[in-house]
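> structure here, sequence nowhere to be found:
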């Protein structure tokens, strides 16, 4: 089943399971202990996978979310490059337009790259004008009026 076809309930259960596993990861730093606890957690989820009563299902999910909230780790693990992680946005990737301001002597070190880049910029301009039409001076003036 694809993610887009998943029901809101299935997505909620999957999210709860993933958060529960991440919480266990934060509590148990020894891998073999964590794996044992994760196996127990999976067994708890699998015990109710064939439940058909919607009210009981809703109650189980609500209880699981409450239990997760009550047992959450005081300092959860965060991936280094994720928001809140140690290395989040440490390496900033410069935008592409910076290369337009290189000096011609700098561009001369990479002639094939800049020739291909100019060709692709022209192709993009042709595509843009075919898709949206050519911009006129009046269009630019009208768009700038709102900024004044």
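Thanks, I have the structure now. Keep in mind that this is a model prediction, so the values were computed, not measured. Numbering: from 1, shown residues only.

> C-alpha from now on. contacts and neighbour counts both.
Fine.

> and the contacts of stretch 20-27?
Contacts of stretch 20-27 with the rest of the structure, by CA atoms under 8 Å, 6 or more residues apart in numbering, involve 34, 37, 38, 41, 68, 72, 73, 75, 76, 77.

> at 6 Å what do you get?
Contacts of stretch 20-27 from elsewhere in the structure, counted by CA atoms under 6 Å, 6 or more residues apart in numbering, are 76, 77.

> repeat that for stretch 127-134.
Residues contacting stretch 127-134 (CA under 6 Å, 6+ apart): none.

> report the distance from it to the chain centre.
In terms of CA atoms, centre = their mean, to the nearest Å, the centre of stretch 127-134 is found 31 Å from the chain centre.

> list the buried ones in that stretch?
Going by neighbour count (16 or more other CA atoms under 10 Å), nothing in stretch 127-134 comes out as buried.

> do you know how far the most centrally placed residue in the chain is from residue 60?
By CA atoms, centre = their mean, the chain has its centre lying nearest to residue 82, at 8.9 Å. The gap separating residue 82 from residue 60 is 30 Å, by CA to CA, to the nearest Å.

> residues contacting the residue nearest to the centre of the chain?
Contacts of residue 82 by CA under 6 Å, 6+ apart are residue 88.

> what pLDDT, on average, does stretch 66-77 get?
In this model, stretch 66-77 has a mean pLDDT of 94.
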